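Asks: My questions concern the predicted model and sequence given below.
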Amino acid sequence: RKEVEQDPGPFNVPEGATVAFNCTYSNSASQSFFWYRQDCRKEPKLLMSVYSSGNEDGRFTAQLNRASQYISLLIRDSKLSDSATYLCVVNESGGSYIPTFGRGTSLIVHP
Amino acid sequence: NAGVTQTPKFQVLKTGQSMTLQCAQDMNHNSMYWYRQDPGMGLRLIYYSASEGTTDKGEVPNGYNVSRLNKREFSLRLESAAPSQTSVYFCASSERSPGLAGETQYFGPGTRLLVL
């Protein structure tokens, strides 16, 4: 099985903190990368795609390092509402496509 | 738009019983997927359908069958349920065919299945 690895956490941080998660992948042919957010007992929802040059969406920044085969998610100025599990997803393009999900990293933001 | 809907939300089965999980999407998406999520295992792909009329196995297809009834609907059938199939099942859809870079998946709310 192609592997996508994440630290399960939990990461326990105070409001306003900056926190970063990494996700490593084993398949060098991987072409597209995403971060999804999953709240407790809910479905996953797309947080952001990860582009080769890195990309930012408000307080969230995603980075891709192809040489070391990992992606990262940085959350600045953490809010209580950021508490969730963050799932890394790695896709190959073309051929026998099977999206591979990491097991998720749990974030708890406390007052 | 309702997005992706799934029925039922909860189900309890006895070992050996059969059931069909229903999934529908109203976004005119080409591709649909079935996943299961177990504690500590993450989401695993059971089957997917790249377009109406086609289905392909994912990572964990054993014990399941699927039907892409039309463009909107993709059902998952358990012919003879086993306790190992106790899980949360998510259906998802995406606009374009799998394998294209940058393809986003939209998930339904899930079905929680307990097999006794």
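Replies: Alright, I've got the coordinates.
Asks: Below-threshold pLDDT in chain A: ranges please.
Replies: Residues of chain A meeting the criterion pLDDT under 70: A:1-2, A:93-98.
Asks: all strands for it, in order.
Replies: A:4-6, A:11-14, A:19-25, A:30-38, A:44-50, A:55-57, A:60-65, A:70-75, A:84-92, A:100-101, A:105-110 (DSSP state E).
Asks: Tabulate those (JSON lines), appending distance to B:Gly58 and mean neighbour count.
Replies: To be clear about C-beta, it is placed using only N, CA and C from the backbone, and glycine gets the same treatment. Supplementary listing: the strands of chain A in JSON lines, determined by distance: least, C-beta to C-beta, whole Å; neighbours: other C-beta atoms under 10 Å in any protein chain shown:
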{"stretch": "strand A:4-6", "distance to B:Gly58": "15", "mean neighbour count": "19"}
{"stretch": "strand A:11-14", "distance to B:Gly58": "30", "mean neighbour count": "14"}
{"stretch": "strand A:19-25", "distance to B:Gly58": "18", "mean neighbour count": "18"}
{"stretch": "strand A:30-38", "distance to B:Gly58": "17", "mean neighbour count": "21"}
{"stretch": "strand A:44-50", "distance to B:Gly58": "16", "mean neighbour count": "19"}
{"stretch": "strand A:55-57", "distance to B:Gly58": "28", "mean neighbour count": "12"}
{"stretch": "strand A:60-65", "distance to B:Gly58": "25", "mean neighbour count": "18"}
{"stretch": "strand A:70-75", "distance to B:Gly58": "22", "mean neighbour count": "20"}
{"stretch": "strand A:84-92", "distance to B:Gly58": "13", "mean neighbour count": "23"}
{"stretch": "strand A:100-101", "distance to B:Gly58": "10", "mean neighbour count": "22"}
{"stretch": "strand A:105-110", "distance to B:Gly58": "23", "mean neighbour count": "18"}
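Asks: Tell me which residue is most central in chain B.
Replies: Geometric centre of chain B, nearest residue: B:Trp34, 2.4 Å, by C-alpha atoms, centre = their mean.
Asks: Beta-bridge partners for that residue, please?
Replies: Using DSSP bridges, the bridge partners assigned to B:Trp34 are B:Tyr47, B:Cys91.
Asks: Can you give me the distance of it to chain A?
Replies: 12 Å (C-beta to the nearest C-beta, to the nearest Å).
Asks: check contacts around the closest residue to B:Glu52 other than its chain neighbours.
Replies: Distances taken as C-beta to C-beta, 6 or more residues apart in numbering or on different chains place B:Lys71 nearest to B:Glu52, at 4.7 Å, with adjacent residues excluded. With contact taken as C-beta atoms under 8 Å, 6 or more residues apart in numbering or on different chains, B:Lys71 is in contact with B:Asn28, B:His29, B:Asn30, B:Glu52.
Asks: just checking, B:Ser31 touches B:Tyr48?
Replies: Yes - applying C-beta atoms under 8 Å, one finds B:Ser31 in contact with B:Tyr48, separated by 6.7 Å.
Asks: All set now, cheers.
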